[in-house]
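Q: Could you look at this predicted model? Sequence included:
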2 protein chains.
Amino acid sequence: MLGTFTFHNPTKLYFGEDALDGLYEELPKYGKTVQLIYGGGSVKKNGIYDAVVNILRDCGKTIVEDGGVMPNPTTEKLYEGIRIARENKVDLLLAVGGGSCCDYAKAVSVSVHCDEDPWDKYFARYEDPTCPIVPVGCVLTMAGTGSEMNGGSVITNPAQKMKIGKVFDERVNPRFSILNPKFTYSLPMRQTVAGVYDIFNHICEQYFSGTDDNVSDALSEALMRSVVNASRIVISEPENYEARSNIMWAATWALNNLIGCGKTEDWMVHMLGQAVGAYTDATHGLTLAAVSLPYYRLVAPYGLPKFVRFAKEVWRVDPAGKTDEEIADEGLCAMHAWMREIGVAVTLHDLGATEDMIEGIADATILMEGTGYHTLTRDEVVQILKESL
Amino acid sequence: MLGTFTFHNPTKLYFGEDALDGLYEELPKYGKTVQLIYGGGSVKKNGIYDAVVNILRDCGKTIVEDGGVMPNPTTEKLYEGIRIARENKVDLLLAVGGGSCCDYAKAVSVSVHCDEDPWDKYFARYEDPTCPIVPVGCVLTMAGTGSEMNGGSVITNPAQKMKIGKVFDERVNPRFSILNPKFTYSLPMRQTVAGVYDIFNHICEQYFSGTDDNVSDALSEALMRSVVNASRIVISEPENYEARSNIMWAATWALNNLIGCGKTEDWMVHMLGQAVGAYTDATHGLTLAAVSLPYYRLVAPYGLPKFVRFAKEVWRVDPAGKTDEEIADEGLCAMHAWMREIGVAVTLHDLGATEDMIEGIADATILMEGTGYHTLTRDEVVQILKESL
């Protein structure tokens, strides 16, 4: 059964090898000054930066540089971005990069005209914007976060050792996003598979809650199978367009509200992963990979019918002659085998965490109540983190 | 592989038992005068008309009546709707009904400020609007056409015996749609299952073209399975909310551009069905049901791998020890069995067509070239129509 909900996602997507040409259609809709947001400089090496700059110049834009966005964008960087936007009275924030750049652009967009401290207002107090929002556009260079078609933004406060994701409403969505699967060819494979696992986990977070038969869960299973199939190809063929395009498109729909429509969601793996990220600065998708199987093994008995369905629909486990517990376990084993195959079966040790961090990470973990199949106790959080080491 | 495409669907959807309350959020965004569009009066019997009128009055709107939209809206009715809109300078076209009312509202919306004849411009010449478009809202009372979240409009010209669907861009989409699954409880079962088959066929039209592995086809299979499962429940339990909600939500996503993204599509069954509709005025979904199996049996050899996939993924046909032809055939047989089960295994005779109409219907059938697995000859059209009798 689908509960009550609204769905409204006005982001315009340009997808394909020539998607960047969409900038010619979009840029004239905005004023002259564009804040060009990017990360550590890989876009300068692979030519995407130059291609974007050329189009911005063709369209008569004034470019204001804002590079150096880190994988886990910090409050300090956010304050810098806000200052740049204010000083230059920018008309458009154009993020060229992965989810970090896009998340950061959205955090800047709601802060430029906001008098309060954005960390306090949006991330700590989880309030909604009450000020004008500067429009955001996105040229995506990594598939994973889904940030290109949602209102989500994750910011890290290093001083407080907190990494918090805020889901803004559709006013904060990118107005447009450019998705060219070829832009992801040159990503290091570790980044690619971290993105793949991020996608897969976004789907899991929405899927592993509730027991009704509904369209949202059926769509989730389709997306999971697509991502699994495509990831198995891409690890040996990084320039396989079919696989890259399926991963990129699945990423967008894994986290643009569709598959969560009308159902409860969990998001506990993200709470655990974000706490790990705040302590280790590790790649987001890998933090999720490290903690997820211990978490799912712990909660599976509380949501057994769904884990049985997951085993059969996503992993094609043959249920003949098996108990529900055996079917569910076989599904999670198949998931683990796939994680090993694509290289995301990592431990917290691999990500730089040590045993003495466990209590701190547990403290930084936001406990979700009543969202998934089982509300974790703090002891269970510690247990999961220890099993993930 | 996903080809090049854009996706932009700005319609806001309110879904659930209280979805009508969404009108309180939407109506204040538009001017005072609302053209209230509805069909043959069933909305007056089931109370939906009164509920909408009360909210319109609460919001201080002036209501301009425009009832009597027929199942296949005609050019004559369209001209009347345009006249009403012009004389009253309406600010919003609010369709309360099924796909016919919503299609009609969209046709009016692009015609009010258009100097040319809308049939000639949009349907015969298939041009795009160049005039201001009056906004459309929709309160949906039947699941099927997907008109609530797309720019499509189908209009019938009885004098020319032509029924043509025009796909407008997102400017013509309803600004908002209200989807309350309970509003479909009182539909006659024949209308319900006609809608179900319409949904299923919308998915087939996009699915049965191309052979690549892609996210769009995986999502299509998920929607098909959801619709089949839910339809089997609703035929014996018309007030099963779970089934009604899944049918309604699947209908929206079956035809809002998502599952056609980046792939070729067919639409030949619609061309055949619309020609039948122009001759018989039969319910749209049933015309599709009458012609589709003979069509799919004819084209299956040309797209065998996809029909094999259809059999395995949608109908769970066990492929062990069978040839591809046998698997594909078993899939179509399973589809036929389901059509019989829900009561849509109809013939053209059942819909009022007679053998002497065959040549005329064949003449009215627009032949799609190179869209599906096989481009039909006129002789093959006649053959399909005869097999459908």
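A: Looks like it came in fine. Numbering: from 1, shown residues only, chains lettered A, B, ... in the order given.
Q: Look up how far residue B:228 lies from the spatially closest residue to residue A:249 that is not a sequence neighbour.
A: The shortest distance from residue A:249 to any non-neighbouring residue, by C-beta to C-beta, 6 or more residues apart in numbering or on different chains, is to residue B:215 (4.8 Å). For the C-beta atoms, the positions are set from N, CA and C on the backbone; glycine is no exception. In this view, residue B:215 and residue B:228 are 21 Å apart by C-beta to C-beta, to the nearest Å.
Q: Neighbour count for these two, which is higher?
A: For residue B:215 against residue B:228, the residue with the higher neighbour count under other C-beta atoms under 10 Å in any protein chain shown is residue B:215, and the figures read 29 against 19.
Q: Please look at that one and residue B:2 and confirm they touch.
A: Yes. The pair residue B:215 and residue B:2 qualifies as a contact (C-beta atoms under 8 Å) at a distance of 7.0 Å.
Q: where exactly do the helices run in the stretch 51-200 of chain A?
A: A:75-88, A:99-109, A:118, A:189-207 (DSSP state H, counting those that start in this stretch).
Q: can you check the stretch 251-389 of chain A too?
A: With DSSP H, counting those that start in this stretch applied, the stretch 251-389 of chain A shows helices at A:268-280, A:284-299, A:304-315, A:324-342, A:358-364, A:378-388, listed in chain order.
Q: Can you give me every residue that contacts residue A:109?
A: A:93, A:133-136, A:172 (C-beta atoms under 8 Å, 6 or more residues apart in numbering or on different chains).
Q: Next one, pLDDT for it please.
A: pLDDT recorded at residue A:109 is 98.
Q: what's the spacing between it and residue A:171?
A: On the measure of C-beta to C-beta, residue A:109 and residue A:171 end up 9 Å apart.
Q: which residues do those two both contact?
A: Looking at what touches both residue A:109 and residue A:171 (by C-beta under 8 Å, 6+ apart), the common residues are residue A:133.
Q: circling back to that earlier point, which ones among the contacts of residue A:109 map onto strands?
A: In strands, judged by DSSP state E, the following of those are found: A:93, A:136.
Q: what does the stretch 51-200 of chain A put close to chain B?
A: With C-beta under 8 Å from any C-beta of the partner chain as the criterion, the stretch 51-200 of chain A meets chain B at residues residue A:181.
Q: In the stretch 51-200 of chain A, what residue lies closest to chain B?
A: Among all residues of the stretch 51-200 of chain A, residue A:181 sits closest to chain B, at 7.8 Å; criterion: C-beta to the nearest C-beta.
Q: picking up where we left off before, single out the most deeply packed of the helices of the stretch 51-200 of chain A.
A: For the helices of the stretch 51-200 of chain A, average neighbour numbers computed from mean count of other C-beta atoms under 10 Å in any protein chain shown are highest in helix A:99-109, which has a mean of 29.
Q: How far does it sit from its chain's centre?
A: Relative to its parent chain, helix A:99-109 has a centroid offset of 12 Å by C-alpha atoms, centre = their mean, to the nearest Å.
Q: what is the mean pLDDT for the next helix or strand after that helix?
A: Counting by DSSP states H and E, the element after helix A:99-109 in chain order, helix or strand, is helix A:118. Predicted confidence along helix A:118 averages 98 (mean pLDDT).
Q: Report how many residues lie close to residue A:56.
A: Neighbours of residue A:56 (other C-beta under 10 Å): 18.
Q: do residue A:303 as well
A: Here the neighbour count serves as a burial measure; for residue A:303 (other C-beta under 10 Å) it reads 21.
Q: give the contact list for it.
A: A:208-209, A:211, A:372-374.
Q: go on, residue A:254?
A: Contact partners of residue A:254, counting by C-beta under 8 Å, 6+ apart, are A:146, A:199-200, A:202-203, A:223, A:227.
Q: same thing with residue A:90?
A: With contacts taken as C-beta under 8 Å, 6+ apart, residue A:90 has the following neighbours: A:33-35, A:64, A:84, A:112, A:134.
Q: Pull the most distant pair out of these.
A: By the measure C-beta to C-beta, A:34 and A:112 form the most distant pair in the contacts of residue A:90, at 13.8 Å.
Q: Counting neighbours, go ahead and name the busier of those two.
A: residue A:34 (24 against 21).
Q: give me phi/psi at that one?
A: Recorded main-chain torsions at residue A:34 are phi -120, psi 120, according to degrees, to the nearest 10.
Q: which residues does it contact?
A: Under the criterion of C-beta under 8 Å, 6+ apart, the neighbours of residue A:34 are A:27, A:56, A:61-64, A:90-94.
Q: hmm, which of those are the buried ones?
A: The neighbour-count test (16 or more other C-beta atoms under 10 Å in any protein chain shown) marks A:27, A:56, A:61, A:63-64, A:90-94 as buried among the contacts of residue A:34.
Q: biggest separation within the residues you listed, which pair?
A: A:27 and A:64 (14.4 Å).
Q: what residues does the stretch 201-350 of chain A put near chain B?
A: Residues of the stretch 201-350 of chain A that fall close to chain B, judged by C-beta under 8 Å from any C-beta: A:212-216, A:218-219, A:221-223, A:225-226, A:229, A:241-242, A:245-246, A:249-250, A:253, A:258, A:261-262.
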